[in-house]
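*Asks:* Structure of the sequence below:
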Amino acid sequence: MSNNKKLYIKTYGCQMNVYDSERMADVLSPLGYNLSESGEDADIVILNTCHIREKAAEKVYSELGRLKKLKNKRLEQGKSTIIGVAGCVAQAEGEEMLNRAPVVDLLVGPQAYHRLPNLINKIEAGQRGLLEVDFPAEDKFENIPAAESDRIIARGPTAFVTVQEGCDKFCTFCVVPYTRGSEFSRPVEKIIEETRRLCAAGVKEITLLGQNVNAYHGENSVGESWSLGRLLYALAEVPGLERLRYTTSHPLDMDDTLIAAHGDLPQLMPYLHLPIQSGSDRILKAMNRKHTTEIYYDVIERMRKVRPDIALSSDFIVGFPGESSEDFAATMQLVCDIDYAQAFSFKYSSRPGTPAADMDDQVAENVKSERLTELQALLRQQQQSFNKTCLGRKLPVLFTGQGRKLGQLIGRSPYLQPVHADAPQEFIGTIQDVEVIAVGVNSLSGQCEGDRTEIELASGGQVNQPFREGATAL
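*Replies:* I've put the predicted structure just below:
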């Protein structure tokens with residue numbers, strides 16, 4: 001079997017998709033496929049898609065149009081290209097996508113990517129238009145080979161570990177229960193084993209992932225059900241693991257053990273992403289969020305009691321059906337009360353098949369735009385104010401890779417801020433004390449201890465854009 005075949009994966013959306021893309025690469029590696037940084041010379045191109053935002057499917061169709069030209073060009077050169085669509089758009093669109101975009105050779109849902117080797121073998125044998133979007137009876141995690149140590153090292157000092165998938169909350173605006181299925185939690189020992197393997201290969205920071213991560217209820221080897229908090233205590237004992245994070249959480253599942261872990265575990269970073277979506281109880285009820293603002297305020301108060309330096313992040317949707325000016329004002333008041341270090345905000349967009357799509361009293365687009373602009377201005381102000389509190393402080397920074405300039409590295413603070421500093425290559429993969437000498441809305445600039453060289457402020461990504469869309473860095 002040739003080991004010179006090339007695989008390109010373009011990832012859209014959340015961190016869960018980033019993790020899934022990494023595991024798809026692991027699954028296809030035994031077939032001789034090595035990752036490529038470009039689709040231009042790839043034997044397989046996979047679009048790992050997200051269905052959360054408006055017009056997500058249209059972006060995929062647009063990219064497939066480009067890939068059709070690429071595929072035809074390679075055919076003229078006597079080369080073949082397998083085009084695959086994975087993830088939530090594949091799950092949601094199914095047969096429609098195969099009919100609308102004949103260039104697609106296979107579609108695979110997020111619960112079935114462990115079947116990719118079999119699908120690829122069928123395509124190489126001449127089959128086309130394969131659809132694998134059922135929710136399989138077998139556990140995909142049990143059918144994915146462990147990543148080789150050199151591949152782990154190539155991914156850098158940070159890693160994602162999925163511990164939970166799916167959601168049983170059924171928020172009226174969300175497609176996740178329909179595309180990812182019901183909640184499933186991985187066994188405790190499997191998560192600890194994967195974490196040990198990653199840390200043995202040099203990973204310093206692990207982010208636990210789940211659509212509703214703090215609803216984790218995996219079993220250990222004797223059949224006991226563990227909460228996320230108990231799992232965090234166990235992972236904190238893994239040799240070499242210096243930092244722990246988790247996302248995304250639901251306010252109802254912030255139990256006592258999990259909150260206590262934030263005060264007890266130095267490895268657990270002082271940063272919590274806890275979406276609320278709206279500051280209006282009336283809208284929260286319409287969203288079927290199953291919590292009130294009072295519950296949310298109580299969680300934040302308890303968190304700040306055990307970890308006073310915690311930085312908070314959230315998600316907000318403006319213009320949900322029926323949202324009045326009073327409802328929006330309640331959201332603005334909650335933002336003022338909580339004072340976020342970072343937050344992500346979006347206009348409500350109708351997702352076909354969700355209850356909210358059929359609700360009356362849809363908010364006008366211009367009203368949604370005005371409200372989003374006002375909310376984002378406040379969130380940007382809060383984010384910049386939080387960053388300014390870091391000025392002059394020494395923060396432990398985990399350096400993750402090259403910066404934009406020669407001799408510059410980029411890393412992340414405990415609060416997940418990008419940090420730029422002049423530092424030697426040897427610092428990549430290590431945690432160093434960095435004095436913050438300049439701040440921006442999206443990033444910090446600093447100097448390592450003993451280095452008095454001033455460096456320029458380097459800006460980060462756009463405010464309120466949670467994840468970059470593009471090729472996965474594997």
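*Asks:* Okay, strands next: where are they in the stretch 351-474 of the chain?
*Replies:* 394-402, 408-412, 418-422, 431-439, 444-448, 470-471 (DSSP state E, counting those that start in this stretch).
*Asks:* Same list (the ones you listed) but as a markdown table, adding mean neighbour count, distance to residue 61 and mean pLDDT.
*Replies:* Placement of C-beta: from N, CA and C, glycine included. Output for the strands of the stretch 351-474 of the chain, formatted as a markdown table (neighbours: other Cβ atoms under 10 Å; distance: least, Cβ to Cβ, whole Å; pLDDT from 0 to 100):
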| stretch | mean neighbour count | distance to residue 61 | mean pLDDT |
| --- | --- | --- | --- |
| strand 394-402 | 19 | 33 | 96 |
| strand 408-412 | 23 | 34 | 96 |
| strand 418-422 | 24 | 32 | 97 |
| strand 431-439 | 19 | 41 | 97 |
| strand 444-448 | 23 | 39 | 96 |
| strand 470-471 | 12 | 18 | 33 |
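*Asks:* can I get these in a markdown table with distance to residue 348?
*Replies:* Listed next are the strands of the stretch 351-474 of the chain as a markdown table, based on distance: least, Cβ to Cβ, whole Å:
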| stretch | distance to residue 348 |
| --- | --- |
| strand 394-402 | 34 |
| strand 408-412 | 31 |
| strand 418-422 | 29 |
| strand 431-439 | 32 |
| strand 444-448 | 33 |
| strand 470-471 | 25 |
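*Asks:* burial count for residue 17?
*Replies:* Per other Cβ atoms under 10 Å, the neighbour tally for residue 17 reads 23.
*Asks:* again but with residue 223, I slipped
*Replies:* Residue 223 has 6 neighbours, counted by other Cβ under 10 Å.
*Asks:* Residue 7 too?
*Replies:* Residue 7: 24 neighbours (other Cβ under 10 Å).
*Asks:* So, low pLDDT: which residues of the stretch 101-250 of the chain?
*Replies:* 135-141, 143-154 (pLDDT under 70).
*Asks:* Which residue ranges of it form strands?
*Replies:* So, for the stretch 101-250 of the chain - with DSSP E, counting those that start in this stretch - the strands run 106-108, 130-132, 158-162, 164-165, 184-185, 205-209, 243-247.
*Asks:* Turn those strands into JSON lines, including mean neighbour count.
*Replies:* Compiled in JSON lines, those are given as follows (neighbours: other Cβ atoms under 10 Å):
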{"stretch": "strand 106-108", "mean neighbour count": "25"}
{"stretch": "strand 130-132", "mean neighbour count": "18"}
{"stretch": "strand 158-162", "mean neighbour count": "21"}
{"stretch": "strand 164-165", "mean neighbour count": "24"}
{"stretch": "strand 184-185", "mean neighbour count": "22"}
{"stretch": "strand 205-209", "mean neighbour count": "22"}
{"stretch": "strand 243-247", "mean neighbour count": "22"}
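*Asks:* do you know which of those strands lies nearest residue 402?
*Replies:* strand 158-162 (14.7 Å; Cβ to Cβ).
*Asks:* okay, the closest one in CSV with CA atoms only?
*Replies:* Taking Å, rounded to 0.1, in the frame of the first residue of the first chain, the C-alpha atoms of strand 158-162 are listed here in CSV:
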residue,chain,number,x,y,z
THR,A,158,-2.5,21.5,23.3
ALA,A,159,-5.1,18.9,22.5
PHE,A,160,-8.8,18.3,22.5
VAL,A,161,-10.3,15.2,24.0
THR,A,162,-14.0,14.6,23.4
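*Asks:* what helices or strands is it leaning on?
*Replies:* helix 15-28, helix 188-200, strand 205-209 (3 or more Cβ pairs under 8 Å, 6 or more residues apart in numbering; DSSP states H and E).
*Asks:* that older thread, closest one to residue 361 among the strands of the stretch 351-474 of the chain?
*Replies:* strand 470-471 (36.8 Å).
*Asks:* For the helices and strands packed on strand 158-162, give me JSON lines that also has distance to residue 38.
*Replies:* Converted to JSON lines, the helices and strands packed on strand 158-162 look like this (distance: least, Cβ to Cβ, whole Å):
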{"stretch": "helix 15-28", "distance to residue 38": "15"}
{"stretch": "helix 188-200", "distance to residue 38": "27"}
{"stretch": "strand 205-209", "distance to residue 38": "27"}
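*Asks:* who touches residue 102 in this structure?
*Replies:* residue 129 (Cβ atoms under 8 Å, 6 or more residues apart in numbering).
*Asks:* give me that answer again for 6 Å
*Replies:* By Cβ atoms under 6 Å, 6 or more residues apart in numbering, residue 102 lies in contact with nothing.
*Asks:* That one and residue 165: what is the separation?
*Replies:* Distance of residue 102 to residue 165, computed by Cβ to Cβ, to the nearest Å: 31 Å.
*Asks:* Go through the longest helix seen in the chain and flag the buried ones.
*Replies:* Using DSSP state H to define each element, the chain has its longest helix at helix 365-388. For helix 365-388, a neighbour-count test (16 or more other Cβ atoms under 10 Å) marks 368, 371-372, 375-376, 378-380, 382-383, 386-387 as buried.
*Asks:* Pull the most distant pair out of the residues you listed.
*Replies:* 368 and 387, at 27.9 Å, using Cβ to Cβ across the buried residues of helix 365-388.
*Asks:* thought residue 273 was touching residue 247?
*Replies:* Yes. Between residue 273 and residue 247 there is a contact under Cβ atoms under 6 Å: 4.8 Å.
*Asks:* Residue 226 and residue 188 touch, don't they?
*Replies:* Yes. If you go by Cβ under 6 Å, residue 226 and residue 188 touch, sitting 5.3 Å apart.
*Asks:* joint contacts of the two?
*Replies:* Contacts common to residue 226 and residue 188, judged by Cβ under 6 Å, 6+ apart, are 218, 220.
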